[in-house]
Each structure stands twice: as C-alpha cells, then as structure tokens.
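Asks: no sequence on this one, just coordinates:
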DNA sequence: AGAAAAATTTACCCTATGGTAAGAAAGCTA
DNA sequence: TAGCTTTCTTACCATAGGGTAAATTTTTCT
C-alpha cells in the first residue's frame, strides 16, 4: 500500500483526507498463480494496482487462441479498461502468472476520486498521457518491426518479466506462435 | 472554431474566460493537400484540431516504408503525441491528405489550460480514456484478425475516410503492402 | 484537354510465419 | 522422487503476405 501512496506522492501533493479515502475504497489482496481476477464475459467492477508478482490481460479469439494485451508487474495498474470505460462486459481476462499481491479497487469508486479530490485529475491525466505514448509506440513497432526485432525490444523493455512468464505468453504478446518464438530464440543463440 | 467550442461544451461547462483563453492561444489555418504540418526529426510545437479535411500521422522505417499511426478527420485531434509528451524530436510526420482546415495550438500553451482552468482536466481525462480504449482495441485487432478482417473493420470504423485516402495509406495503417490490399479488394468484389 | 506523374492492379516467385504432430524437457503434485 | 501435466523444441509441409516489375488506370498539373 505504501508503494501506491509513494507513487502518487511522487507526482502530486496528497492530502491526508485523500490518502484516507484511498485506504477506505481499497483492499490489499493476495492471489495465487493461475487465479483469474477478471473473467471475459462478466461485468468488470475492479481495477488492480500490482505490488508484487506478475499478471497479464488477454483476449481469446474465435479459434480459441489467446492474445496478450498487457503484462503488469510491481507498480503497474491492470484491469479491462475497454470494459471499464465503455460500461460493457469484459472482453479480456486478467490472470495471475505468479503469486501476486495487489491493491483492489472498485473501478467506479476509484473514478469518483476525481470528483472528490480534483488534484487527482492531473495525476491521472499524466498517467494516461504516458500510457497513450507507450501504446502509440507499440502500434508503430508492430507495424514496422519483424518478429525477431519485436522480441529483442520486448526483452529490453521488460527485462524482468521473462522470469515470470511462459514463452507462449510472450509469443501471444508479440503476435506470433510459440513455435515461431522458439525458432527465434534458437537463432539468437546461434549468433 | 465553433466546432471545437461545441465539442468541449458537450462535455464540460465552459466559462467565457476559458473560451476567451482558447481563442487567444489558437489560430485557424488552411493547408493544402500534401502539406506537412509536423516533420520527423524536428521539434514538435503544435497540436491540431481538424475542422475539415483529412490528415494522417505516420513514421518511416529504416527501409523507407511508411506506417500510418492515425487518420484524423473533422473533430479529431492530431499531433505527434510521442514527441509532445516525452519532449523529444518528432518521430512522426503529419501531412494533409486533402485540403484541410485546422485550429492550430502551441502544444505547451494548450497544456497550460489545465493549470488555469481546472475544469479541463476532466474533459481531457475523458478524451484520453476513450483514446486508450481505441488503442487497446486496435492492438487486439492487429493481434487476432487477418488482413481481410482488419480491412473490413477499417471500412466499418471509418466509412468516410476512404474517399480522402489513397489505398497505400490504408494499407500502411493495416500493416500490409498496397499489393496485398489490392488483392484483398479483388477478393471482396468476387464474393 | 493533354501530358506527366502517381497510384493501382496484376503476375511472378519468395520468405516469414502458421499449423500439426511428435518427442524432449521442465514443472508441478502427491 | 516418481509420475503426471504442461510447456518447449523440432521437423514437416502449408499459406498468407512480401518484393519486384510491368501494364493499366487515375490523378495532377499546366
């Protein structure tokens, strides 16, 4: 919980009332590997701040293939934001890849923090701006880089994630099959 | 200019001082087809609100191939947000695909609106939230759909854009070559 | 309108990645 | 630690989409 408070304080002044409010609407929880925090097809009520471990969000296509949208580790937020912001049922599933500690929020209550403590608007706007930048970069990378180049970049960007994930998770993030990733890894070692 | 004011008013209450401020930091301009508003490698000072016409932002990869990040038509914003929010030089180019009318803002001045008129925080946060949702969807579509499926979806999502764009613009948005798009279009007609 | 330039289509072959399947390795559980 | 389950690797062939180039069509410019 300290992690979250510190993260917020590093970016805005946090009054003690606001800090109190955050405590009042959140709950620290532990989940074990494989547990599902948000399930496709169900209403999305929660947003999670990760304090330990590793989670991912993914969708399942019409052929049953999984596609990873996001990996979340310490100090990242994760939810199905498509569902949260469009008020639809979840199209994503959020699962734990390792035993994880999270701070759980009701998404609507968390959103209400902006009305009550306007200083959060600017905090949230900056978060969203940075997130938009990373999404723009990911789209451009997907358009212009080959699979081996995307894998190299992934390893640079998430040097710590590989220890928590299976190869097929990474493949499904890069947009390739696990067989292709396996071949790419072999080629890398050869060089 | 009315378009922008109305768009803002549809989402927040706009005081006359705030409206005045917007006027004071903006400038209505016309650009002709082919003109470049933001050029890769240069500092990005401007953000544009489109009131007429069609623009796109794209990057050029190491082989000289173009990759389109965004098409912007009436009532959309366009800039190089990667550069704006990271204070780096432009990695994108923004060009007019048709003769276009835009409202030009100095990006920093526009950002200052939040400090001066806090009611804009919430407006901007909602914009960003919706933008994040559309980017999440685009990433998932790119991961799970075939090229013909992505093209069909593009036509649904941007029914009006095709009249303004060349096929190779669309191909470079979908992540395929124009030859592939041409084949896909032939197949569609056959059915 | 006519000429020039640019974009599109088509055809050819090529390559990266996908799909299936089987065996090997790693990880989990009792 | 033995046995079971899951993941990874490898090999095979299949296929979607890429690259080049030439012919055709469309757009632009004067």
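Replies: Perfect, I can see it now. Nothing here was measured: the structure is a model prediction, and the numbers come from that model.

Asks: Just give the nearest non-adjacent residue to residue A:105, would you?
Replies: Nearest non-adjacent residue to residue A:105, counting by CB to CB, 6 or more residues apart in numbering or on different chains: residue A:47, 4.8 Å away. No exception for glycine: its C-beta is placed from N, CA and C like everyone else's.

Asks: would that neighbour count as being in a strand?
Replies: Yes. When DSSP: H, G, I helix; E, B strand; the rest coil is applied, residue A:47 is found to be in a strand.

Asks: where's it relative to residue B:31, distance?
Replies: Going from residue A:47 to residue B:31 by CB to CB, to the nearest Å gives 41 Å.

Asks: In the helix or strand containing residue A:104, which residues are buried?
Replies: Per DSSP states H and E: residue A:104 is located in strand A:100-106. The neighbour-count check on strand A:100-106 (16 or more other CB atoms under 10 Å in any protein chain shown) flags A:100, A:101, A:102, A:103, A:104, A:105 as buried.

Asks: With stretch A:113-125 instead?
Replies: Using 16+ other CB under 10 Å as the test for burial, stretch A:113-125 gives A:113, A:114, A:117, A:119, A:120, A:121, A:122, A:123, A:124, A:125.

Asks: measure it end to end?
Replies: 13 Å (CA to CA, to the nearest Å).

Asks: That stretch near chain B at all?
Replies: Yes. Residues of stretch A:113-125 contacting chain B under CB under 8 Å from any CB of the partner chain: A:114, A:118, A:121, A:122, A:124, A:125.

Asks: That stretch: how far from the chain's middle?
Replies: Centroid displacement of stretch A:113-125 relative to its chain, using CA atoms, centre = their mean, to the nearest Å, is 21 Å.

Asks: what do you get for stretch A:122-137?
Replies: That offset, for stretch A:122-137, works out to 13 Å (CA atoms, centre = their mean).

Asks: And stretch A:120-138, by the same measure?
Replies: On the basis of CA atoms, centre = their mean, stretch A:120-138 sits 13 Å off its chain's mean C-alpha point.

Asks: for DNA strand C, what are the nearby residues on chain A?
Replies: Applying CB under 7 Å from any atom of the strand, one finds that chain A approaches DNA strand C through A:33, A:63, A:65, A:146, A:147, A:148, A:175, A:176, A:177, A:179, A:180, A:184.

Asks: Any chance of TSV for the residues you listed, columns secondary structure, distance to residue B:171 and neighbour count?
Replies: Supplementary listing: the residues of chain A next to DNA strand C in TSV, determined by DSSP: H, G, I helix; E, B strand; the rest coil; distance: CB to CB, whole Å; neighbours: other CB atoms under 10 Å in any protein chain shown:
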residue	secondary structure	distance to residue B:171	neighbour count
A:33	coil	42	13
A:63	coil	25	6
A:65	coil	24	13
A:146	coil	18	9
A:147	helix	20	16
A:148	helix	23	17
A:175	coil	18	17
A:176	coil	21	19
A:177	coil	24	14
A:179	helix	28	11
A:180	helix	23	15
A:184	helix	26	19
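
Asks: check the residues you listed against DNA strand D, which are close?
Replies: Within the residues of chain A next to DNA strand C, those near DNA strand D by CB under 7 Å from any atom of the strand are residue A:179.
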